[in-house]
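Student: Quick one, fold the following:
(3 chains)
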Amino acid sequence: MYHSASPEGLNASPTASDNSPNALHAPTAPRLAPDASSRSCVTCRRRKVRCNKRSPCSNCIKAGTDCIFPPPGRAPRKSKRPPDAELLSRLRRLEGVIEHLSGKNPEAASTSVSPTQPPSSGIPSVGSSATAATSTAMAPQPAVAPADSKDSTGCPFENDPTKLNTGKFENEFGRLVIDEGRSRYVSNRLWASLGDEVEELQDILDNSESEEEDYPSPESSHSGSHDGFLFGFYSLSHSLREYHPPFPKVSVFWDIYKECVAPLITIVHKPTARKLLVEAARNPDSLDKNSEALVFSIYLSVIVALSPAECLANFGEDRTLAVKRYRFAVEQALAKANLLNTQSMVLLQAAVLFLICIRREDDSKFVWSMNSIILRLAQGLGLHRDGTNFALKPFETEMRRRLWWHICLMDTRSSEDHGTDPLIHDSMYDTRLPLNVNDDDIYPEMTETPTEREGCTDVTFCLVRCEITCALRRANYSCPGSRAFKMVGATGPSIERCEKMIQIISSRVEERYIKHCDMNIPIHWASATVARLILAKLWLIVHHPMTRKDRIASVSQATRESLFLTAIEVLEFGRLLESDPKTAKWGWLFRTNMQWHGVAFVLSEVCVRPICPVTDRAWNAISSLYSDWTLQATHKKGMLWRPLAALMKRAAATRSKQQEELRNKFGPNPTAYKSTPNDFATSHQHTLPQIHMPTTLNAEPDQNAPLNPTSIDLTKGAWDTLQYMFPDTNLLAPVTLDSPPVQDSISAVNIPTGLPLFNTPLSNSFMNQENIPETNSLSWEEWDKVMRDFQMDVEREDEAAPANGTHVTEWFA
DNA sequence: CGCTTCGGACACTCAACGCA
DNA sequence: GCGTTGAGTGTCCGAAGCGT
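Tutor: Here you go, the predicted model:
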């Protein structure tokens, strides 16, 4: 699976002069490939044809393909050593134990070695040799795992391996075996019940893995690394030394990482990452394979975070080429470290950081597919189980949480890109949210759980995303239109119920995070804005008339107006996050979060509303976003891109027609109508997007009654203009995509007096609602239970009802 | 007819082995 | 330590197949 992106110049030393952007782009005659004496290019080799070994070679020129030369040197030979007889005998013995325990073959069992018998070979078992913290915990149950399994079950295992294999717990608990940065989780009851033998098996696998790691044979039962298949068939064994940046540049990488990546992505503990980079700068050869992959991921994240000009200024290198080179290096490092079979958290950190970065740069389908592999690996490491269940050290517990939640975020994002349901759902994990602490508050040797800080910390941005994205997943699953509901044949919960859930989440986020944010501090403002944006998106998902066929006709005017304004602000603030000079350094991540819902809703409204200041504002927002997107090939690969492009075309045509009509009615320069200036960026730098929530928790406004002014945020001038332009027209009547507005058929509504935008903190609109529980003081466990109970109630309520929902991605069908 | 695929011959390389 | 050997790896010829 090559990615066609050619890491041009990779075959040469990165420091070689001909690796400069100019040299690479020079349209000169093909030059002899740097290692022409020995290697054919990758394409010629695959095709088994003669390669003239020029770069690019004649065959590649003719075929119009990228010409990539492999690094010099041959792949190491694979050993044909016979399988280890000792290993086979121990495996056979284990098979006997299994049969014995499953009661199928008592006879075989009688000849097998007792599970508790010490290993007879010289190979030490994990349990006996490692000082590892090995423990057990309750296996994931369909319902919520107890908040603290250790307490609720009386599990006494505090790093005491001698207690591991005793008592009734063996049939109830999964097992986590940890050793030197590696971990392996076994949830299957039979395997978990094998006690020491599990550890012995682990040991066997480890040993066999290490033996075959470098020399996999085709005849082997697990023939070593297949990562070459995943990342390209380069010489996996070849040293990546030459891809490390020169010594003085490493500190530049670190500075940029601290500034542009670490505030957003907290997978890696900063002090630990710093040590790693220092080591990489001093002696790249001293890094183990897992650390090397992580170091390259960090380098890649830095390059991805930079603009082309910044990349050139800091590293004297063309950004596109640098991304290709470091992507190549990361992929090779992941493959070398045997990602598909890894039990290393460091390697998984490297892989997740890599995918988060590459999601912006390349085909998101790659990330989407890789996400499932990452999830499997994470389950293998037991990341879906909270570390407290296994009495892990506080530091390790915390880092495992961070990694797991970043995987959750990535799952939600990439599944949204492709219109699929997320892989991860609530019943799969009991890993708690990371603690709200700074990186300096935690260190590997600590024995006491750190106290959570109030207010913003290094992980606040991440926490905000996790909290709401988790809710988004739950809402998307349980809200009207969810595919899940359609599949189980249910109608989904009522709008009221969804509203209530959103309000609970909103009030929690507002109280725990947003209210502590200082809007003059960029990362605080970004955290608060992102929080509101995701909440607004959640609100749109719940209320969007197109997510539910039966609501198209029933949505109230007030709701529709509020949704429209909310959607516009989602787009405006989304763009502001990317373009504001203070937050532009994080734009690399913000840009990956496409506001599909907002865009779809605004476009559909622009298609059916007449020209007015509000639609002008919407059009400004959408045009600005759209022009950015068309410049970024990445965005076009999302599944929703094509229908959105079609909708955009339709909206543009509608607007053009409306402008023509306007000119016919008022002349070429109508004084009565002026487009609102697009000064959004300068006027909203330190404000937050407001969600204009029409609530059905209270009485739904009567469609014929005057609109509640507080639910409509239009300036008085805008309404006056509207009224002037279309004196005998109701602009806000319900309309559908398939039925363009017929002005004569619409009855009049009262025009509310205007209110300034952004005048009310989000929380105010919730905190006065009845029946909203006070959630801010809840512990994570209590809060988690509230949310899970909510979803279970919803599912029970709607179990028998027929499906009539429509998934969000079916809007455009 | 042009292009791609792929079996297989051949050259090169190196780990394993025997020997002094 | 050195020479030999067998097998793994890389190159690419040429036949066969496919698409236009």
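
Student: so residue A:175 sits in a strand?
Tutor: Yes: judged by DSSP: H, G, I helix; E, B strand; the rest coil, residue A:175 forms part of a strand.

Student: and stretch A:515-525, how far apart are its ends?
Tutor: Stretch A:515-525 has an end-to-end distance of 11 Å (C-alpha to C-alpha, to the nearest Å).

Student: what's residue A:396 in contact with, if anything?
Tutor: A:387, A:444 (C-beta atoms under 8 Å, 6 or more residues apart in numbering). Yep, even glycine has a C-beta here, placed from its N, CA and C like the rest.

Student: What strand or helix carries it?
Tutor: For residue A:396, the enclosing helix or strand under DSSP states H and E is helix A:394-417.

Student: Quick one: neighbours of residue A:418, just the number.
Tutor: For residue A:418, the neighbour count with other C-beta atoms under 10 Å is 16.

Student: for residue A:665, same thing?
Tutor: Using other C-beta under 10 Å, residue A:665 has 12 other residues around it.

Student: what does the model give it for pLDDT?
Tutor: You'll see residue A:665 listed with a pLDDT of 71.

Student: so where does the nearest residue to residue A:531 once chain neighbours are set aside fall, helix or strand?
Tutor: Closest residue in space to residue A:531, ignoring its immediate chain neighbours: residue A:464 at 4.5 Å, by C-beta to C-beta, 6 or more residues apart in numbering. Using DSSP H and E, residue A:464 sits in helix A:460-478.

Student: could I have that helix exported to PDB, CA atoms only?
Tutor: C-alpha atoms of helix A:460-478 as PDB (Å, rounded to 0.1, in the frame of the first residue of the first chain):
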ATOM      1  CA  THR A 460      -7.900  21.800  29.300                       C
ATOM      2  CA  PHE A 461      -8.200  22.200  25.600                       C
ATOM      3  CA  CYS A 462      -8.100  18.400  25.300                       C
ATOM      4  CA  LEU A 463     -10.500  17.900  28.100                       C
ATOM      5  CA  VAL A 464     -13.100  20.200  26.600                       C
ATOM      6  CA  ARG A 465     -12.900  18.400  23.300                       C
ATOM      7  CA  CYS A 466     -13.200  15.000  25.000                       C
ATOM      8  CA  GLU A 467     -16.100  16.000  27.200                       C
ATOM      9  CA  ILE A 468     -18.200  17.400  24.400                       C
ATOM     10  CA  THR A 469     -17.100  15.000  21.700                       C
ATOM     11  CA  CYS A 470     -18.000  12.100  24.000                       C
ATOM     12  CA  ALA A 471     -21.400  13.800  24.400                       C
ATOM     13  CA  LEU A 472     -21.600  14.400  20.600                       C
ATOM     14  CA  ARG A 473     -21.100  10.700  20.000                       C
ATOM     15  CA  ARG A 474     -23.700   9.800  22.500                       C
ATOM     16  CA  ALA A 475     -26.100  12.300  21.100                       C
ATOM     17  CA  ASN A 476     -25.400  11.300  17.600                       C
ATOM     18  CA  TYR A 477     -26.100   7.700  18.600                       C
ATOM     19  CA  SER A 478     -29.200   8.400  20.500                       C
END
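
Student: Now residue A:542. Nearest residue, chain neighbours left out?
Tutor: Per C-beta to C-beta, 6+ apart, closest to residue A:542 is residue A:498, 4.3 Å.

Student: swap in residue A:449?
Tutor: In space, and not counting its chain neighbours, residue A:449 is closest to residue A:394: 4.6 Å by C-beta to C-beta, 6+ apart.

Student: residues contacting that neighbour?
Tutor: A:442, A:446-450.

Student: Give me the subset of those lying in strands.
Tutor: Assigned to strands by DSSP state E, none of these qualify.

Student: Take those residues and keep only those in helices.
Tutor: Judged by DSSP state H, helices contain none of the contacts of residue A:394.

Student: out of those, who has the most neighbours?
Tutor: residue A:442 (23 neighbours).

Student: Was I right to think that one contacts residue A:395?
Tutor: Yes: between residue A:442 and residue A:395 there is a contact at 5.2 Å, judged by C-beta atoms under 8 Å.

Student: Overlap in contacts, the two.
Tutor: residue A:269.

Student: for the strand or helix carrying residue A:185, packing partners?
Tutor: Assigned by DSSP H and E, residue A:185 belongs to strand A:182-186. Packing partners of strand A:182-186 (3 or more C-beta pairs under 8 Å, 6 or more residues apart in numbering; DSSP states H and E): strand A:173-179, helix A:196-212, helix A:364-381.

Student: rewinding a little: now the contacts of residue A:394 as a markdown table including pLDDT?
Tutor: Listed next are those as a markdown table, based on pLDDT from 0 to 100:
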| residue | pLDDT |
| --- | --- |
| A:442 | 93 |
| A:446 | 88 |
| A:447 | 88 |
| A:448 | 88 |
| A:449 | 90 |
| A:450 | 90 |
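
Student: The residues you listed: which two are farthest apart?
Tutor: A:442 and A:447 (11.6 Å; C-beta to C-beta).

Student: pLDDT value on residue A:142, please?
Tutor: pLDDT for residue A:142: 32.
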